[in-house]
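> can't give you the sequence, but here's the structure:
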């Protein structure tokens, strides 16, 4: 994967922005993706779905270009959808169809030579044969997710786009779907999925695009991004028996970036999360100070993302 | 036209509660005709032409049936998001629109043709028909194509298709065309009446239309073709987004 200057890839976004009236949903995003699994990570409302919808040909970029397999995506339905499958986030399916009818219906619309065999294969891949004769209206959220995946892979696409695919799935279903996606990626397919759950992306994605407030905040190997997230400044609220003395002792340590002092508490900024949790009690002990409270603040995923944007 | 989408649309249109309501709506003129036949049957030709077929079938049953089915054929899938499963396929958009239109027009035409033919036959029994029933039956069948195409277009253009469609039927066609006869040239109802008028041998003193069939037929065809063309164009550039 490359970012910044667009390079050749199966999926390419070059300087893409998308706005709705005066609201900018995606702001000058560029990346190129090769075969493998890429996670589109970001908080809710960050612009992940907008990016996926532009990749899927459902939204026209306000500026920039989106290409899959070297061909433009927008208004190129016939070429795009022969090689691309999409799993939408919305749960909506045809409630009057059975699972088998739904997958077969999709296979027929793809114009496959043997739609019945393709439907059987897709149902088997997602492990939904047991419920194929039941109406979709009676499916659970997780079952709907899996039948949607079956309908999106029934034509064996080279590119698979999934919008929050693990929503509503139980842990076992999640593992099975992750295995399926890993297997598809190992066979040379390009898979992009969006998620706001760090753990899902960590477990599945080889590459990550972190989207925050419509911008590409970070991209590349997940471990490198994880390191960025871990090494960012962390904020702790500390209460001790002698806040003034404790502040003086803490600020002398090189890992402590800043200490704000009030009579009630200290706000300590440190570059090392784990290191500080070991350092703080040790320094307190050395200076015979009683440590009453040591609480990390602002550890939400949103704050992690906003750090990545602003670093 | 895509046969898979045609079959899907027929299933969608006929499975819901609204299809039962539309059957009941189509039965209204039939019931009225039976009640009329049980009464004293004064001015029978006039009543069948102007009340039963013109006021009830053409002004009420025909547009409402087409409105409900025309706006549902594509509009309900756009609303609930299932349109994604059609749009992510390597199918020309014109095939989607034509399959949706054919299914909706077929269902609408079946209902209104049966309503016109059965109620007209019952209502006119016992007096010379003068081609009134076949004339209206053919006219509503043709008009159902234009109405369905127009309402299908509305459903692709706006999420308020039903409301705007009701405005067109009751305000434009029901009110303005009566107040300003020149607007009859922009009324599918008037095209329908003109076609019926050109076929029946009924005296103009009893039944006549504002415009001639020579204008009505091309106008009807134009509305149908232009509406379907615009719906296809609109579907080609339709943007879908999901709230994150």
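Alright, I've got the coordinates. The model shown is predicted, which means the values in this text are computed figures rather than measured ones. Numbering: from 1, shown residues only, chains lettered A, B, ... in the order given.
> where's the residue positioned nearest the centre of chain B, which helix or strand?
Nearest to the geometric centre of chain B sits residue B:144, at 3.3 Å (Cα atoms, centre = their mean). Element membership for residue B:144 (DSSP states H and E) is helix B:132-157.
> before we move on, what about residue B:73?
Residue B:73 belongs to helix B:62-80 when assigned by DSSP H and E.
> how many degrees apart are that helix and helix B:132-157 in direction?
Calculated by axes from the mean of the first three to the mean of the last three Cα atoms, to 10 degrees, helix B:62-80 forms an angle of 20 degrees with helix B:132-157.
> In terms of secondary structure, what does the next helix or strand after helix B:62-80 contact?
Downstream of helix B:62-80, the next assigned helix or strand under DSSP H and E is helix B:84-87. Under the contact criterion of 3 or more Cβ pairs under 8 Å, 6 or more residues apart in numbering or on different chains; DSSP states H and E, helix B:84-87 touches helix A:99-109. Using the backbone N, CA and C atoms, a C-beta is placed for each residue, glycine as well.
> The longest helix along chain A packs against which elements?
Among the elements of chain A assigned as helix by DSSP state H, the one spanning the most residues is helix A:171-186. Using 3+ Cβ pairs under 8 Å, 6+ apart, the elements in contact with helix A:171-186 are strand A:36-41, helix A:141-153, strand A:159-163, strand A:190-195, helix A:198-204.
> Where does pLDDT dip in chain B?
B:242-244 (pLDDT under 70).
> in it, which spans are helices?
B:3-15, B:17-38, B:44-46, B:62-80, B:84-87, B:93-124, B:132-157, B:161-166, B:177-179, B:188-199, B:213-236.
> near chain B, which residues of the stretch 1-150 of chain A show up?
Residues of the stretch 1-150 of chain A lying close to chain B by Cβ under 8 Å from any Cβ of the partner chain are A:44-50, A:53, A:56, A:58-60, A:75, A:77-82, A:84-86, A:88-90, A:92-94, A:96, A:105-106, A:108-111.
> Can I have the buried ones of those as a PyMOL selection?
Buried members of these, defined by 16 or more other Cβ atoms under 10 Å in any protein chain shown, are picked up in PyMOL with:
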select buried, chain A and resi 46+47+48+49+50+53+56+58+59+77+80+81+84+85+86+88+89+90+92+93+94+105+106+108+109+110
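> Among the residues of the stretch 1-150 of chain A next to chain B, which lie within helices?
Using DSSP H, those in helices are A:48-50, A:53, A:77-82, A:105-106, A:108-109.
> re the thing from before, just the buried positions in the helix holding residue B:144, please.
Buried residues in helix B:132-157, defined by neighbour count with 16+ other Cβ under 10 Å: B:132-156.
> my guess is residue A:18 meets residue A:54, correct?
Yes. Using Cβ atoms under 8 Å, residue A:18 is in contact with residue A:54, at 6.3 Å.
> Write out the residues of the stretch 151-300 of chain A neighbouring chain B.
With Cβ under 8 Å from any Cβ as the criterion, the stretch 151-300 of chain A meets chain B at residues A:151-152, A:163.
> out of the residues you listed, which is most surrounded?
With neighbours taken as other Cβ atoms under 10 Å in any protein chain shown, the top of those is residue A:151, carrying 29 neighbours.
> Skip the chain neighbours and tell me the closest residue to that residue.
Nearest residue to residue A:151, sequence neighbours excluded (Cβ to Cβ, 6 or more residues apart in numbering or on different chains): residue A:106, at 4.0 Å.
> what sits against residue A:105?
Applying Cβ atoms under 8 Å, 6 or more residues apart in numbering or on different chains, we find residue A:105 in contact with A:94, A:97, A:151, B:4, B:8, B:85.
> Tell me what angle the helix holding residue B:144 forms with helix B:188-199.
Going by the same axes, to 10 degrees, helix B:132-157 makes 160 degrees with helix B:188-199.
> what helices or strands is helix B:132-157 leaning on?
Applying 3+ Cβ pairs under 8 Å, 6+ apart, one finds that helix B:132-157 makes contact with helix B:62-80, helix B:93-124, helix B:161-166, helix B:188-199, helix B:213-236.
> between that helix and helix B:93-124, what angle do the directions make?
Going by the same axes, to 10 degrees, helix B:132-157 makes 150 degrees with helix B:93-124.
> Which pLDDT value belongs to residue A:300?
pLDDT for residue A:300: 56.
> next one: the one 10 residues further on
The score at residue A:310 is 62. That number is its pLDDT.
> Residue A:212 now?
85.
> doesn't residue A:46 make contact with it?
Yes. Counting by Cβ under 8 Å, residue A:212 does reach residue A:46; the two are 5.4 Å apart.
> Residues contacting stretch A:168-175, please?
A:91, A:140-142, A:144-146, A:166, A:177, A:200.
> of the residues you listed, buried ones?
A:142, A:144-146, A:166, A:177, A:200.
> Next up, the contacts around residue B:21.
Contacts of residue B:21 by Cβ under 8 Å, 6+ apart are residue B:68.
> Could you give the residue of the stretch 201-311 of chain A that lies closest to chain B?
residue A:211 (10.1 Å; Cβ to the nearest Cβ).
> Nearest residue to that residue in space, please, no chain neighbours.
Closest to residue A:211 by Cβ to Cβ, 6+ apart is residue A:42, at 3.7 Å.
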